[in-house]
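> The amino acid sequence is not available; the structure is as follows:
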Ligand code: SF4
């Protein structure tokens, strides 16, 4: 299958992104994968915060490579380097009813939520970003797109756009399927959603000392004062992490916590060890990548060239179909 997926360059990635990336690594083994940095999408909400955009693009690609996305197998590129995405987006905008975009379930909620955070996204770009996303997917004539459940309406819109184009002009586009990826929900160290704006993230390249400090800060069962107090792991962030990152330790941790047989300090030390084992090779590979001058740029340039060739081939079909 031809598979496409992307991420916005919002800074260094954190362990909440890891399951998505591990899924990419699995997919690239048997499919033709296109992975792109969605820098134009970042502008739909952060249009006034571009100072670090280029650096963020570099950082995110380094993170992908460190986790195992392989530039020999997968096409890694930057959205804004392939101008054909913008052309296809423009052409789609000619025949997309405004109501299709306005009815995307998350649209009004996001406008309100971001408005409450002081960000005015009542812009043309923000309303149209699912259409840009459709162009990103269809320009590579992707068969499938790995997504979380919240993205399903966007894939449905993309399929509608493909159908409408094929009906109005010529059958150029396949209707891509959503590949529902099983991604673990990783809370931030304070138990809320992991987000840089909350200052509660564990970044993928965190060093061992900082990792230990962050784990020590994690919120546990507030009812436990002494080691012998019976604990309630279901309300504990450390326990949530154990279930994701050290599942074999879970039965013992749970039993000892409920029985008041392990203190939170010792329980956190176990978790730190498990996280360190997982993150150490990623950190080492990332350091190696960043130590090679120009390497990330080379990877992007090679991916851009492959993506451009594919995008140009599709646009030739599109222009022919539309008689442009
Ligand atoms: S012992 Fe572990 S699971 Fe239980 S409350 Fe403390 S940190 Fe959480």
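Looks like it came in fine. These numbers were taken from a predicted model, which means no experiment stands behind them. Numbering: from 1, shown residues only.
> Please make it C-alpha for all contacts and neighbour counts, starting now.
Fine.
> give me the number of residues near whichever residue of the stretch 201-324 of the chain sits closest to the ligand?
Shortest the stretch 201-324 of the chain-to-the ligand distance, computed as C-alpha to the nearest ligand atom: residue-wise this is residue 264, at 3.6 Å. Using other C-alpha atoms under 10 Å, residue 264 is surrounded by 22 other residues.
> contacting residues around it?
Counting by C-alpha atoms under 8 Å, 6 or more residues apart in numbering, residue 264 makes contact with 220, 227.
> begin at 631 from here
Done: numbering now begins at 631, and the last item shifts to residue 894.
> Look up how far the ligand lies from the closest residue to residue 709 other than its chain neighbours.
Distances taken as C-alpha to C-alpha, 6 or more residues apart in numbering place residue 668 nearest to residue 709, at 5.4 Å, with adjacent residues excluded. Distance, residue 668 to the ligand, using C-alpha to the nearest ligand atom, to the nearest Å: 37 Å.
> what's the pLDDT at residue 668?
At residue 668, the pLDDT value in this model is 98.
> Tell me which residues touch it, please.
Residue 668 makes contacts with 636, 637, 638, 639, 708, 709, 710, as judged by C-alpha under 8 Å, 6+ apart.
> who wins for most neighbours among those?
Busiest of those [other C-alpha under 10 Å] is residue 639, holding 26 neighbours.
> ok, that one touching residue 686?
Yes: counting by C-alpha atoms under 8 Å, residue 686 is a contact partner of residue 639 at 5.3 Å.
> Which ones among the contacts of residue 668 map onto strands?
636, 637, 708 (DSSP state E).
> As TSV, these with pLDDT and distance to the ligand would be great.
Shown next, in TSV, are the ones in strands among the contacts of residue 668 (pLDDT from 0 to 100; distance: C-alpha to the nearest ligand atom, whole Å):
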residue	pLDDT	distance to the ligand
636	97	35
637	96	32
708	98	41
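> Could you export those to JSON lines, including columns for distance to residue 811?
Output for those, formatted as JSON lines (distance: C-alpha to C-alpha, whole Å):
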{"residue": "636", "distance to residue 811": "14"}
{"residue": "637", "distance to residue 811": "15"}
{"residue": "708", "distance to residue 811": "23"}
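> Show me what counts as buried in stretch 814-834.
For stretch 814-834, a neighbour-count test (16 or more other C-alpha atoms under 10 Å) marks 816-821, 824, 826, 830-834 as buried.
> Ends of it, what's the gap?
Using C-alpha to C-alpha, to the nearest Å, one end of stretch 814-834 lies 16 Å from the other.
> and if you look at stretch 653-670?
One end of stretch 653-670 sits 24 Å from the other (C-alpha to C-alpha).
> quick one: contacts for the residue of the chain most remote from its centre?
Residue farthest from the centre of the chain, counting by C-alpha atoms, centre = their mean, is residue 858 at 40.9 Å. With contact set as C-alpha under 8 Å, 6+ apart, residue 858 has these partners: 889, 890, 891, 892, 893.
> Among these, which ones are in strands?
Among these, no member falls in strands (DSSP E).
> Using a markdown table, lay out those together with distance to residue 908.
Below are those laid out as a markdown table (distance: C-alpha to C-alpha, whole Å):
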| residue | distance to residue 908 |
| --- | --- |
| 889 | 29 |
| 890 | 28 |
| 891 | 26 |
| 892 | 23 |
| 893 | 23 |
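> Now residue 854: phi and psi?
Per-residue torsions, residue 854: phi -90, psi 120 (degrees, to the nearest 10).
> Look up how far residue 777 lies from the closest residue to it other than its chain neighbours.
The shortest distance from residue 854 to any non-neighbouring residue, by C-alpha to C-alpha, 6+ apart, is to residue 861 (6.1 Å). Distance of residue 861 to residue 777, computed by C-alpha to C-alpha: 36 Å.
> which of those two has more neighbours?
residue 861 (27 against 20).
> tell me the SS of the more buried one?
coil (DSSP: H, G, I helix; E, B strand; the rest coil).
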